[in-house]
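Peer 1: what follows is a predicted protein model with its sequence.
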Amino acid sequence: MSLTELFTYSFYFFFGITYLTKITLIILNISHMKKNFAAVPKQFEDNITLEQHQKAQKYTIDKNKLSIISIIINAFLLLFWLKWDGLVYLFNFMESLNLSELHTGVLFIIGFSMVGSVLDLPEKIYSTFYLEAKYGFNKTTPKIFITDQVKGMILGLVIGVPFLYAILTILNALGEYWWLYTFIFILSFQFILVWAYPKFIAPLFNKFKPLEDEELKVQIDQLAQKADINFEKYFVMDASMRSSHGNAYFTGFGKNKRVVFFDTLLKTLNNNEVISVLAHELGHMKKKHILKSLFFSSLTLLIGLYVLNLVHDLPEFFESFGHFYGKDYLAITIFTLVIPLYTFFLTPIFSWLSRKNEFEADEFAATHTVPRDLINALLKMYRDNSSSLTPHPVFSKFYYSHPPANERVNFLASFETESNA
């Protein structure tokens, strides 16, 4: 078997098993939720009504059905680009412009990305204005939606164009160790974006106001003192202009690090519950989860670039997809398209690591606040966000970045048991 045939057969093998697994897992999840439709799980009977439970099941099932359609479309699109000469058509068009190799490469990748963005629009529109609206979550107006898309496109060009010029220049000019120099550049670029995001990028899409509730601020100061954390930037985001979903998150580092509460969350939770959610977010910071995540993503990036370096010099890699050897921008594009197939089965490992971090943050919150407050906060968020309480165990193990509701509540309840012992 030639190397070209090996690349070809391995692509079809991983393509088939990846998409078959994705669809099978979703079908299992839908079936499991239908089996658990008629009754609220006993553990949640006192907090979630049957109507609320069934709404969550219907909402999640509808989202899963949309995911199946999206997966099938993406599968055909991947075949179009790689096996049905989609990239060849785009390549020939860009080459016909008679620009320099560098300009052609940047324009090729931008064109490829813009085609993808346009093809994603129907799903975004359907999800926002039908699915989310059907269940009472959507608050996005057509004006806001269009503005978001335009802002996103402009921001992508402002950030992406210089980035692409730098990457292709490094690849072309810095010899056999280009992959290592590229890694250093991308890592530096990522740190700049993580630092800049909360102060300069996020405000382009949402308004952020300092937390004004004086009573809540006193409780926050007490929590920070108890946890030995010097952290003063707490913001409220106007999430309600787009959706009624509630959440909170930790972002940034250095002087730009901050905790952000959705305004929808503050309308739902009492102060003690807000403090428990904050304690969870501070737990992520105290346990250095963001730094750990950056380390793992950096290691993954380094390995990926090294593998790209290996296939970059193999004509057979290009021949297996019917493309032309020696074009750096084609190598990057093809590699970006195929690598998710070969790494798909690492998904449950990364999901497990994420859930581990969530348990650690929950433990931090449970030992620095009242565990029942976080349990109550989570129950309200499950209810208000119509989160399914009964995902299929395999589906949740494979995909869930947060522990399923029953596992998380049981884990927090164990701290109540310990304190009462």
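Peer 2: Structure received. Residues are numbered from 1 along each chain as shown.

Peer 1: how about the helices in the stretch 301-421 of the chain?
Peer 2: With DSSP state H, counting those that start in this stretch as the criterion, the stretch 301-421 of the chain has helices at 315-319, 328-343, 347-368, 371-384, 393-399, 405-420.

Peer 1: show me what the shortest one is packed against.
Peer 2: The helices and strands touching helix 315-319, judged by 3 or more CB pairs under 8 Å, 6 or more residues apart in numbering; DSSP states H and E, are helix 3-35, helix 328-343. For glycine as for every other residue, the C-beta is placed from the backbone atoms N, C-alpha and C.

Peer 1: how about the contacts made by residue 272?
Peer 2: Contact partners of residue 272, counting by CB atoms under 8 Å, 6 or more residues apart in numbering, are 219, 369, 370, 373.

Peer 1: swap in residue 59?
Peer 2: Residue 59 makes contacts with 135, 386, 388, as judged by CB under 8 Å, 6+ apart.

Peer 1: that one is in what secondary structure piece?
Peer 2: Residue 59 belongs to helix 50-82 when assigned by DSSP states H and E.

Peer 1: chain center to that helix: distance?
Peer 2: Relative to the chain's own centre, helix 50-82 is displaced by 16 Å; criterion: CA atoms, centre = their mean, to the nearest Å.

Peer 1: what angle do helix 328-343 and the following helix or strand past that helix make with each other?
Peer 2: Where DSSP H and E defines the elements, the next helix or strand beyond helix 50-82 is helix 86-95. Orientation of helix 86-95 against helix 328-343 (axes from the mean of the first three to the mean of the last three CA atoms, to 10 degrees) gives an angle of 160 degrees.

Peer 1: let's see helix 86-95 as CSV, backbone CA atoms only.
Peer 2: In CSV, the C-alpha atoms belonging to helix 86-95 read as follows (Å, rounded to 0.1, in the frame of the first residue of the first chain):
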residue,chain,number,x,y,z
GLY,A,86,-14.0,22.4,-3.3
LEU,A,87,-10.5,23.5,-2.3
VAL,A,88,-9.2,23.1,-5.8
TYR,A,89,-11.9,25.5,-7.1
LEU,A,90,-11.0,28.0,-4.5
PHE,A,91,-7.3,27.6,-5.1
ASN,A,92,-7.7,28.1,-8.9
PHE,A,93,-9.8,31.2,-8.3
MET,A,94,-7.2,32.7,-6.0
GLU,A,95,-4.3,31.8,-8.3
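
Peer 1: so residue 80 touches residue 90, yeah?
Peer 2: No. When contacts are counted by CB atoms under 8 Å, residue 80 is not listed as touching residue 90 (10.7 Å).

Peer 1: ok, the two, which is more surrounded?
Peer 2: Using other CB atoms under 10 Å, the more surrounded residue of residue 80 and residue 90 is residue 90, with 19 against 13.

Peer 1: residues touching the more buried one, list them.
Peer 2: 108, 111, 112, 115.

Peer 1: which member of those is positioned nearest residue 223?
Peer 2: Nearest to residue 223 among these: residue 112, at 47.3 Å, using CB to CB.

Peer 1: my guess is that closest one contacts residue 330, does it?
Peer 2: No. Counting by CB under 8 Å, residue 112 stays clear of residue 330, with 10.0 Å between them.

Peer 1: which neighbours do the two share?
Peer 2: Joint contacts of residue 112 and residue 330 (CB under 8 Å, 6+ apart) are residue 87.

Peer 1: against residue 117, how distant is residue 81?
Peer 2: For residue 81, the distance to residue 117 equals 14 Å [CB to CB, to the nearest Å].

Peer 1: point out where the stretch 101-250 of the chain drops to low pLDDT.
Peer 2: 231-232 (pLDDT under 70).

Peer 1: now the strands for it?
Peer 2: Using DSSP state E, counting those that start in this stretch, the strands of the stretch 101-250 of the chain run over 208-210, 234-237, 248-251.

Peer 1: and the ones you listed as TSV, adding distance to residue 14 and mean neighbour count?
Peer 2: As requested, the strands of the stretch 101-250 of the chain are arranged in TSV below (distance: least, CB to CB, whole Å; neighbours: other CB atoms under 10 Å):
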stretch	distance to residue 14	mean neighbour count
strand 208-210	42	12
strand 234-237	39	20
strand 248-251	33	18
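
Peer 1: which one, of those strands, ends up nearest to residue 271?
Peer 2: Proximity to residue 271 (CB to CB) singles out strand 234-237 among the strands of the stretch 101-250 of the chain, at 12.9 Å.

Peer 1: which helices and strands does that closest one pack with?
Peer 2: strand 208-210, strand 258-262, helix 263-268.

Peer 1: pairing partners for that strand, with directions?
Peer 2: According to DSSP bridges, strand 234-237 forms sheet pairs with strand 208-210 (antiparallel), strand 258-262 (parallel).

Peer 1: contact partners of the first one?
Peer 2: Put plainly, it is strand 208-210. 202, 233, 234, 235, 236, 237, 238, 260.

Peer 1: any idea how far residue 217 is from the fifth one?
Peer 2: Put plainly, it is residue 236. Where residue 217 is concerned, residue 236 sits at a distance of 12 Å (CB to CB).

Peer 1: who touches both of those two?
Peer 2: Contacts common to residue 236 and residue 217, judged by CB under 8 Å, 6+ apart, are residue 211.

Peer 1: out of the helices of the stretch 301-421 of the chain, which one sits most buried?
Peer 2: Mean neighbour count (mean count of other CB atoms under 10 Å) peaks for helix 371-384 among these, with a mean of 21.

Peer 1: how is residue 39 assigned, secondary-structure-wise?
Peer 2: For residue 39, the secondary-structure state derived from DSSP: H, G, I helix; E, B strand; the rest coil is coil.

Peer 1: now it: how far from residue 57?
Peer 2: According to CB to CB, residue 39 stands 11 Å off from residue 57.

Peer 1: before we move on, what about residue 157?
Peer 2: Here residue 157 is placed at a distance of 41 Å from residue 57 (CB to CB).

Peer 1: neighbour-wise, which of the two wins?
Peer 2: Neighbours around residue 157 and residue 57, counted as other CB under 10 Å, are more numerous at residue 57. The numbers are 21 against 13.
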